[in-house]
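S.K.: Dropping the sequence and predicted coords here.
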Amino acid sequence: MAKFYSSSNVYKFDWDQVSATYWKKYPNPYSPHVLTEDVIERKIVDRKLITTRLLKKTNKLPRWGEKFLPLNSAAYIVEESVVDPVNKRLTTYTRNISLTTWMLLEEKCEYYPSSQNSNWTICKRYAWISSSMFGLAPALKAFGYERFKANASKAIKGLTYALAKSTENTKSQPQYIITRGSNKPAMFESPKAACT
């Protein structure tokens, strides 16, 4: 039987900011264990953005685990996501595709506007940790649960960091719009200049 984890947290940023910044959350100082991320497929179906990504992650093994796995074991993770801009919902599904005999970790996250404050976003996170390793499964599941809990906390801090950085960058950079004159090529102007 799999160990189950769930949590809920609030980002004090609106859903549009969270769903846009989600794709830019790595690298960040809270997630050095995420080594690479690659988009495998991206398509629009029924006005929803569907993306599949491959991530490579590593974490220090517990001392007892070093006897069984190579020291530099990296895990490959598949992340499938659905962005529904009409209903303001971002849903992600992740699972490891390597080292699955040792441990299978499946996660689902749902991001949606807070009913208490429309400028905030709720994230509900669910995870299932299982192992089919005879004799070690209980220890591996317990270890996986604690490691996931610690990494979930880092993921929250990492996305919050990326959101703050994104907001800071947006405020410090001049915003530009494209205007077209009747016989002129497109030009870039400051929004203030375009409105005067």
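M.R.: Yes, it's here.
S.K.: in the protein, which spans are helices?
M.R.: Assigned by DSSP state H, the helices in the chain fall at 15-21, 137-172, 191-195.
S.K.: Quick check: which helices or strands does the first one pack against?
M.R.: What that stands for is helix 15-21. Counting contacts by 3 or more C-beta pairs under 8 Å, 6 or more residues apart in numbering; DSSP states H and E, helix 15-21 packs against strand 89-96, strand 104-113, strand 121-130, helix 137-172. Backbone N, C-alpha and C define where each C-beta goes, glycine included.
S.K.: Check which residues of that helix are buried.
M.R.: Of the residues in helix 15-21, 15, 17-19, 21 count as buried by neighbour count, 16 or more other C-beta atoms under 10 Å.
S.K.: repeat for the second one
M.R.: Along helix 137-172, the positions that meet the burial threshold by neighbour count (16+ other C-beta under 10 Å) are 140-141, 143-145, 147-148, 151-152, 154-156, 158-163, 166.
S.K.: And the closest residue in space to Lys12 that isn't next to it in sequence, how far from Lys24?
M.R.: Counting by C-beta to C-beta, 6 or more residues apart in numbering, Trp120 is the residue found nearest to Lys12 once chain neighbours are left out, at 5.4 Å. According to C-beta to C-beta, to the nearest Å, Trp120 stands 20 Å off from Lys24.
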